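[1] Would you be able to build a 3D model of this:
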Amino acid sequence: MNHNPVKSGIEWLGELTLFTGRTFKSSGRILKRFDIFLNQCEFIGVSSLGVLSVAAVFIGSSLGYQLFKSFELFGAQALVGGTVGVGIFREMAPVIGAIMVTGRAGAGIGAEIASMRVSEQIDALEVMGVDPYEYLVLPRVLAGAVMMPILAFVFGGIATGAASVISCSVLDLPYPIFWKAFRQWVAWIDLLHCFVKAVTFGTALAMLGCFFGFRADGGARGVGLSTRSSVVAGCLAILFFDYFWTMILPLRLDRLILK
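    Sure thing, here's the model as predicted:
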């Protein structure tokens, strides 16, 4: 039988749409699963702080060093702080932070749900009258939406601090000049973009992890495939939504503010 990738893609999107609809249909009952929600907040958010903090230090340091050296050619070192702030909070903090969380928490969600699927635990929940979307998917998706913005702002703060240390302590840019440019350039609209992107990314990575976990079959191999698909699809979704927010919505928001 010939494989039609277009047909398969449409079917996949249809399944994902139905899966998402069934998940949010049960959102009114989240208080019944609040303990699971808190556990997932710890798994997705608190447990990811360490690796995100280390990554933020290296990324902020590299960005600060490269921008300083580039602007030094034109005598524009005073712009380093503002450029670092806008670049980190508009792009790097939500995108890189979400990709790292996808590799850690998204893969974990996909593997856990897939293991439950192949061992028929999800079928057992349905037999007992427990809605698996309410019990398994919704707490994880909401935890991703809540914790990812927090992680993004922590990432942004640490990366900006690291960039200032490299630019000022190592490359001799005065601290007041760095932070003056940061305050002048970084506005609340930049923080809003960071927040909106992070909420979208957190929702997407958790939803896709659960989705591919639910579709798992074939024993251990199926668990591995679901985990891989969760990470790959999650990263692609993050890049897609980043493009969407970067190229379309900021223009509308800026026009609304100007009015």
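
[2] can you give me the offset of stretch 78-95 from its chain's centre?
    17 Å (C-alpha atoms, centre = their mean, to the nearest Å).

[3] What average pLDDT does that stretch get?
    Stretch 78-95 shows a mean pLDDT of 92 in the predicted model.

[4] Now do it: distance from first to last residue.
    End-to-end distance of stretch 78-95 (C-alpha to C-alpha, to the nearest Å): 26 Å.

[5] worst-scoring helix or strand of the chain, pLDDT-wise?
    Lowest on mean pLDDT, DSSP states H and E among the helices and strands of the chain sits helix 249-258, with a mean of 50.

[6] Can you give me the neighbour number for Cys168?
    As a burial measure, Cys168 scores 20 neighbours (other C-beta atoms under 10 Å). Glycine gets a C-beta too; all of them are placed from N, C-alpha and C.

[7] Chain neighbours aside, what residue packs nearest to it?
    For Cys168, ignoring the flanking residues on the chain, the nearest one in space by C-beta to C-beta, 6 or more residues apart in numbering is Tyr175 at 4.7 Å.

[8] Am I right that that neighbour is in contact with Val165?
    No - between Tyr175 and Val165 there is no contact, the gap being 9.4 Å when judged by C-beta atoms under 8 Å.

[9] Among the two, which residue is more densely surrounded?
    For Tyr175 and Val165, the more surrounded residue by other C-beta under 10 Å is Val165, and the numbers stand at 17 against 13.

[10] So for the more buried one, what's the pLDDT?
    Val165 is given a pLDDT of 94.

[11] how near is it to Ser48?
    23 Å (C-beta to C-beta, to the nearest Å).

[12] ok, now Asp35?
    20 Å.

[13] higher neighbour count, these two?
    Ser48 (22 against 9).

[14] Tell me the buried residues in stretch 197-216?
    197-216 (16 or more other C-beta atoms under 10 Å).

[15] do stretch 88-107 as well
    By neighbour count with 16+ other C-beta under 10 Å, stretch 88-107 contains the buried residues 88-90, 92-107.

[16] Next up, the contacts around Ile150.
    Gly45 (C-beta atoms under 8 Å, 6 or more residues apart in numbering).

[17] need the contact list for the residue nearest the centre of the chain.
    Most central in the chain under C-alpha atoms, centre = their mean is Ala98, positioned 2.6 Å from the mean C-alpha point. Neighbour list for Ala98: Met148, Ala152, Lys197, Ala198, Phe201, Gly202, Leu205, Ile238 [criterion: C-beta under 8 Å, 6+ apart].

[18] rerun at 6 Å
    Phe201, Ile238 (C-beta atoms under 6 Å, 6 or more residues apart in numbering).

[19] Make 443 the starting number, not 1.
    Let's use 443 as the start, then, which means that last one is Ala540.

[20] Report the separation between it and Ser495.
    15 Å.

[21] Check Ile452 too.
    Distance from Ile452 to Ser495, by C-beta to C-beta: 41 Å.

[22] hang on, the earlier thing: can you list which of the buried residues of stretch 530-549 are found in helices?
    Using DSSP state H, the subset of the buried residues of stretch 530-549 located in helices is Ala535, Pro536, Val537, Ile538, Gly539, Ala540, Ile541, Met542, Val543, Ala549.

[23] Could you give me the buried positions within the helix or strand hosting Gly599?
    Following DSSP states H and E, one finds Gly599 within helix 580-606. Buried residues in helix 580-606, counting neighbours by 16+ other C-beta under 10 Å, are found at 580-602, 604-606.

[24] could you give the angle of it to helix 535-543?
    120 degrees (axes from the mean of the first three to the mean of the last three C-alpha atoms, to 10 degrees).
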